[in-house]
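In: Here's a sequence, model it:
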Amino acid sequence: MDPRSILLRNASFPSLQGLHDVALHAGRIAAIRPARGTAPGRGTDEVHDLDGRFVLPGLWDNHVHFTQWVIRQQRLDLTGTGSAADVLALVAAAIPTGTAGEPLVGFGFRDALWPDSPTCAGLDAASGTTPVVLISADLHCLWVNTAAVRTLGITGADGGLVREAECFRTLEKLEDPDTISFEAYRRAAEAAARRGVVGIVDFENADNLQLWPERVRHGVDALRVEVSVWPDRLAGAIELGAKTGDVLDECGLITMGPLKVIVDGSLNTRTAWCWDPYPGLPAGRKHSCGQNTVPMHELRMLMAAARDAGIGAAIHAIGDRANTEVLDIFEELGMTGVIEHAQLVRETDFARFEELGLAASVQPEHAMDDRDVADMFWPGRTERAFALASLHRAGANLRLGSDAPVAPLDPWFALASAVSRSRDGREPWHPEQCVPAEVALAASARGRSGVRVGEAADLAVTEMNPLTTPGEQLRTMPVSATLLGGRFTWSGL
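Out: Predicted coordinates for the structure are as follows:
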């Protein structure tokens, strides 16, 4: 919170006519009045003329893996590859001849539609004795070579591919937050602030209750952060007495969030748990309908323990069967919370979100990344895939996010995909699932549909009106300033 008084003059609001002056005091919005060109009141410390720029609630990314987002730039970029051969060529070029060296880690491959298959033998031929771990764009699958299997103690590598639980265990070995500088975290947080972001929900599988307050003490203070706890750390959080909503740091930026549990896999990895089988899976592939990664009785016990301790629940469910099963448990426990992703939902389950008071935390950019994969592996079901409009009409509380690093930590990408269902000049995909701009904006701002007196001065200032800007132009929305508790975390004014 900034104790000073600040006046933002000549501000526009997306839904109001005329210019207004916005007075901020002690980190909150003190007054909003029509702009009349009068002198600022006594005691005003700063005056900024917005010259008609638009003031809107600060934006949140409601699903981030922040450490993985920070270190993505250090990894071999595989996002532009279209085949196993493409990846192998990049790996071979990245490994110095005749050296073993440190493990080479790559990120971003999507193999669901490749014309060839990733194999351990192929990766061994390209990499030699250097351990190589390649992370799929959805974070649910690794492509590893023999050297990595031996060095990292990886088990269950099926022809070079490691999925779900073993994938996550291996990622933990590769991602020690203590080896990443506070400066790297600070730069990533400030980059988010430059895009109007004031807060994130961090789903990194780490000791977030300790790590984030320490980061704030070292200057990583451009964002509010709601931290999650995974099942293996739930008992520790309960022992500490941490409850959802509790403030965890002296600056008031870090709050306790929910228990995070991953119930199924992903679409690209073809492990999302569905009612119907995936077509065209290789012969002998187990789990033809995808798989649940946590037994339902275990999920029920975890959620009940969290509920009884005052901790909310955010449950990853992508396939339609996963969503049904999770909805059933929320109903059985009489517990509200969040379903993360909700990518494929049965028609009869949409209304249950409102009935049970659940939020749907969705990532609209994933629909653009996965539209062709969904057409291939969810045939006849895509009218209810990434179904934002159906969720909204049913009364679900929508929250937009990125799942960074799966998609960029930039809420304007999510907004653009939510309102247009299009990218890269392609025709909209199931345009009936577009949502109005005002719905998408509120879903990116923790439900705030406008700027009101008395609220925290968490604000974004944009050059254009987000309610009237075409979808594709939203992706590059110029953000002129961001304020967090009345403090500028970014200003290009």
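
In: When you work out contacts or count neighbours from here on, use the C-alpha atoms and nothing else.
Out: Noted.

In: How is the chain divided into domains?
Out: Here the domain parsing of the chain from automatic domain parsing is 1-52+451-493, 60-67+183-450, 72-174.

In: distance between the ends of the longest one?
Out: End-to-end distance of domain 60-67+183-450 (Cα to Cα, to the nearest Å): 14 Å.

In: What of the last one?
Out: The first and final residues of domain 72-174 sit 12 Å from each other (Cα to Cα).

In: Could I get the average pLDDT for it?
Out: When pLDDT is averaged along domain 72-174, the result is 92.

In: and if you look at the shortest one?
Out: The average pLDDT for domain 1-52+451-493 rounds to 92.

In: Okay, buried residues for whichever strand or helix holds L299 please.
Out: Taking DSSP states H and E as the definition, L299 sits inside helix 296-308. Neighbour counts over helix 296-308 (16 or more other Cα atoms under 10 Å) mark 299-300, 302-307 as buried.

In: from these, which is closest to V133?
Out: Proximity of these to V133 (Cα to Cα) peaks at L299, which lies at 29.8 Å.

In: mind listing the strands for the stretch 301-450 of the chain?
Out: Taking DSSP state E, counting those that start in this stretch as the test, the strands found in the stretch 301-450 of the chain are 313-317, 338-341, 359-362, 397-400.

In: okay, the ones you listed in a markdown table with mean pLDDT, mean neighbour count and distance to L209 next?
Out: Putting these into a markdown table (pLDDT from 0 to 100; neighbours: other Cα atoms under 10 Å; distance: least, Cα to Cα, whole Å) gives the following:
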| stretch | mean pLDDT | mean neighbour count | distance to L209 |
| --- | --- | --- | --- |
| strand 313-317 | 98 | 26 | 16 |
| strand 338-341 | 98 | 25 | 20 |
| strand 359-362 | 98 | 25 | 22 |
| strand 397-400 | 98 | 24 | 23 |
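
In: May I see those strands organised as CSV, with distance to Q473 added?
Out: Putting the strands of the stretch 301-450 of the chain into CSV (distance: least, Cα to Cα, whole Å) gives the following:
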stretch, distance to Q473
strand 313-317, 31
strand 338-341, 25
strand 359-362, 21
strand 397-400, 18
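
In: related to what we said a few turns ago, which strands or helices does the helix holding L299 pack on?
Out: Where contact means 3 or more Cα pairs under 8 Å, 6 or more residues apart in numbering; DSSP states H and E, helix 296-308 is packed against helix 231-240, strand 254-262, strand 313-317, helix 320-333.

In: Of all these, which one is nearest L400?
Out: Closest among the helices and strands packed on helix 296-308, once you apply Cα to Cα, is strand 313-317, at 13.9 Å.

In: how big is the angle separating the closest one from helix 320-333?
Out: On the basis of axes from the mean of the first three to the mean of the last three Cα atoms, to 10 degrees, strand 313-317 is oriented at 160 degrees to helix 320-333.

In: Taking strand 254-262 as reference, get the angle to strand 313-317.
Out: Angle, strand 313-317 to strand 254-262, by the same axes, to 10 degrees: 40 degrees.

In: CA atoms only for strand 313-317, dumped as PDB, please.
Out: Extracted in PDB, the C-alpha atoms of strand 313-317 (Å, rounded to 0.1, in the frame of the first residue of the first chain):
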ATOM      1  CA  ALA A 313      -9.700 -26.600  -3.000                       C
ATOM      2  CA  ALA A 314      -8.600 -26.100  -6.700                       C
ATOM      3  CA  ILE A 315      -8.900 -29.300  -8.500                       C
ATOM      4  CA  HIS A 316      -7.300 -29.900 -12.000                       C
ATOM      5  CA  ALA A 317      -9.900 -31.700 -14.100                       C
END
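
In: Direction included, what does it pair against?
Out: Strand pairing for strand 313-317, determined by DSSP bridges: strand 254-262 (parallel), strand 338-341 (parallel).

In: State the number of residues packed around D424.
Out: Neighbour count for D424, taken as other Cα atoms under 10 Å: 7.

In: separation between it and Q363?
Out: Here D424 is placed at a distance of 18 Å from Q363 (Cα to Cα).

In: How about C434?
Out: Counting by Cα to Cα, the gap from C434 to Q363 is 13 Å.

In: Tell me which of the two has more neighbours.
Out: Neighbours per residue, other Cα under 10 Å: of C434 and Q363, the larger number sits with Q363, 31 against 23.

In: Show the backbone phi and psi for that one.
Out: Backbone torsions of Q363, given as degrees, to the nearest 10, read phi -130, psi 90.

In: do the same with I29
Out: Dihedral angles (degrees, to the nearest 10) for I29: phi -80, psi 110.

In: So what pairs up with it in the strands?
Out: Legend: beta-bridge partners of I29 under DSSP bridges are L24.

In: Check the contact between it and A456; I expect there is one.
Out: Yes - checked against Cα atoms under 8 Å, the pair I29 and A456 is within contact range at 6.2 Å.

In: rewinding a little: need the winner for burial among the helices and strands packed on helix 296-308.
Out: strand 313-317 (a mean of 26; mean count of other Cα atoms under 10 Å).

In: Understood, closing this out.
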